[in-house]
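K.L.:
missing the sequence, but the structure's below:
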């Protein structure tokens, strides 16, 4: 089953609770605290895999959780960390935050990894809190909850060449001739219901070719199948636009598809293109000249005439495609072309989560806001401390109060009129 969009919930593992234990041995009258720290929760990690070309692995399961960390033990022993949950996705998978729609990550390279949901920190055991003035701490931290996120995965195939054109233009036949792909081929519209990926070999080099289901006029508005798969040509470096040579008015069909590209994305319409008149075994040289003239008038610049069935002109087409793809790769190097702006941008997106993790190490970043007679205190590190404190324990509450005093929260509360 081909699946190119799916909504999921991912959860990092909860950190293990710290242990509150004291050493009790017959000949050690002052054993002291010995509770160990809890283990960190596992992360949820995406990794791009070349062996996948669909998101169907996520069809029957919607929640993915990493393993929780283990509790701390006696003798200051550290709890075992939770195992990371590694989820393999196809190259070209884009991760969006489902609530905001913000792009979180873009996995476009083989083996590229991204931690989508960090596991929670393990709680400190009571042995961690010993000091000259607190020699027998009778509290320990709880484990932090792992990050939970609702996300949308969207697959945009990454290919060197995207085959586009009306249904029955000969795309499936061409990809079956030039690559290892074996698509379903029949003489009726919309034979291809899902994109087909194939690897074409020419001059000891490989080109990844994507056969995109037939576009028709109005595809950008949801007509036909093209609307569902237009996103899959946004990542292709080169477009090969096939026009059926057995149809009259090839220029009209060519212009119609070009218009759909413009309406979907102006940047996509500027992508390098080769126009191809297919099925040359069905028309003569006189018609060929007429068709070429029509395509030139319609705006096509580079035109080839082929017959995939008769293997006529396909090698020359591949050689030209290889030459163009090499030039495009040399120009963009480690960058991809944005389908939104048409500008080059780096492949790896750095989300706010990276800064968020750093902010959790500082108690200086906080804010206090008064609202209707109460105060709201925000600050990632302070919120983490409260979450990981057992507030039913008076000693743990006293520690939170002490920290708030040291960072200036209590002083600011008094300043703002709190009792």
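P.N.:
Perfect, thanks for sending it. Please read all numbers here as calculations on a predicted model, not as lab measurements.

K.L.:
got the contact list for the closest residue to residue 47 other than its chain neighbours?
P.N.:
Closest residue in space to residue 47, ignoring its immediate chain neighbours: residue 113 at 4.9 Å, by C-beta to C-beta, 6 or more residues apart in numbering. C-betas here are computed from N, CA, C, even on glycine. Contacts for residue 113 (C-beta atoms under 8 Å, 6 or more residues apart in numbering) come out as 45, 46, 47, 48.

K.L.:
ok, which stretches of the stretch 201-350 of the chain are helices?
P.N.:
In the stretch 201-350 of the chain, the segments counted as helices under DSSP state H, counting those that start in this stretch are 226-229, 250-264, 266-269, 285-298, 314-332.

K.L.:
Buried residues, the last one. List them.
P.N.:
In this case it means helix 314-332. For helix 314-332, a neighbour-count test (16 or more other C-beta atoms under 10 Å) marks 314, 317, 318, 321, 322, 324, 325 as buried.

K.L.:
how far is that helix from where the chain is centred?
P.N.:
28 Å (C-alpha atoms, centre = their mean, to the nearest Å).

K.L.:
which outside residues touch that helix?
P.N.:
160-161, 174, 177-178, 200, 202-203, 205, 207, 237-238, 240, 272, 274, 276, 302, 304, 306, 308, 344.

K.L.:
can you do 7 Å?
P.N.:
By C-beta atoms under 7 Å, 6 or more residues apart in numbering, the residues outside helix 314-332 that reach it are 160-161, 177-178, 200, 202-203, 205, 207, 237-238, 240, 272, 274, 276, 304, 306, 308, 344.

K.L.:
I'd like to know how far the residue nearest to residue 236 when sequence neighbours are not counted sits from residue 208.
P.N.:
Excluding the flanking residues, the one nearest residue 236 by C-beta to C-beta, 6+ apart is residue 162, at 3.4 Å. Per C-beta to C-beta, to the nearest Å, residue 162 is found 10 Å from residue 208.

K.L.:
quick one on the thing from earlier: where does the residue nearest to residue 236 fall, secondary structure wise?
P.N.:
With elements taken from DSSP states H and E, the one containing residue 162 is strand 161-164.

K.L.:
Could you tell me which strands that strand is paired with, and in which direction each runs?
P.N.:
strand 205-211 (parallel), strand 238-244 (parallel) (DSSP bridges).

K.L.:
starting at the chain centroid, how far to it?
P.N.:
The answer for strand 161-164 is 23 Å, by C-alpha atoms, centre = their mean.

K.L.:
how much distance is there from the helix or strand just after it to the middle of the chain?
P.N.:
As assigned by DSSP H and E, the chain's next helix or strand after strand 161-164 is helix 171-178. The chain centroid and the centroid of helix 171-178 are separated by 30 Å under C-alpha atoms, centre = their mean.

K.L.:
next one: stretch 11-23
P.N.:
Worked out by C-alpha atoms, centre = their mean, stretch 11-23 lies 32 Å from the chain centre.

K.L.:
What residues sit buried inside it?
P.N.:
In stretch 11-23, counting by 16+ other C-beta under 10 Å, buried: 11, 12, 13, 14, 15, 16, 17, 18, 19, 20, 21.

K.L.:
Residue 208 and residue 406: what is the separation?
P.N.:
For residue 208, the distance to residue 406 - C-beta to C-beta - is 58 Å.

K.L.:
With neighbour numbers in mind, choose between those two.
P.N.:
Neighbours were counted for residue 208 and for residue 406 using other C-beta atoms under 10 Å; residue 208 has more, 20 against 10.

K.L.:
The spatially closest residue to that one that is not a sequence neighbour: neighbour count?
P.N.:
Closest residue to residue 208 apart from its sequence neighbours, by C-beta to C-beta, 6+ apart: residue 159 at 4.5 Å. Burial measure for residue 159: 25 neighbouring residues, criterion other C-beta under 10 Å.

K.L.:
For residue 159, give me the pLDDT.
P.N.:
Looking at residue 159, its pLDDT is 80.

K.L.:
Under the pLDDT cut-off, which ranges of the stretch 1-150 of the chain? List them.
P.N.:
1-2, 27-30 (pLDDT under 70).

K.L.:
where along it do the strands fall?
P.N.:
Counting by DSSP state E, counting those that start in this stretch, the stretch 1-150 of the chain has strands at residues 5-11, 44-49, 63-65, 85-90, 93-97, 103-107, 113-117, 148-155.

K.L.:
Take those and lay them out in CSV including distance to residue 329.
P.N.:
Listed next are the strands of the stretch 1-150 of the chain as CSV, based on distance: least, C-beta to C-beta, whole Å:
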stretch, distance to residue 329
strand 5-11, 28
strand 44-49, 18
strand 63-65, 34
strand 85-90, 20
strand 93-97, 21
strand 103-107, 18
strand 113-117, 23
strand 148-155, 22
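
K.L.:
do you know which of the ones you listed lies nearest residue 410?
P.N.:
Residue 410 lies closest to strand 148-155 among these, at 31.6 Å (C-beta to C-beta).

K.L.:
buried ones in the closest one?
P.N.:
149, 151, 152, 153, 154, 155.

K.L.:
repeat for stretch 249-262
P.N.:
Neighbour-count burial for stretch 249-262 [16+ other C-beta under 10 Å]: 250, 251, 253, 254, 255, 256, 257, 258, 260, 261.

K.L.:
okay, those in a markdown table with distance to residue 370 next?
P.N.:
Formatted as a markdown table, the buried residues of stretch 249-262 follow (distance: C-beta to C-beta, whole Å):
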| residue | distance to residue 370 |
| --- | --- |
| 250 | 71 |
| 251 | 69 |
| 253 | 66 |
| 254 | 65 |
| 255 | 63 |
| 256 | 61 |
| 257 | 60 |
| 258 | 59 |
| 260 | 55 |
| 261 | 54 |
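
K.L.:
how many neighbours does residue 94 have?
P.N.:
20.
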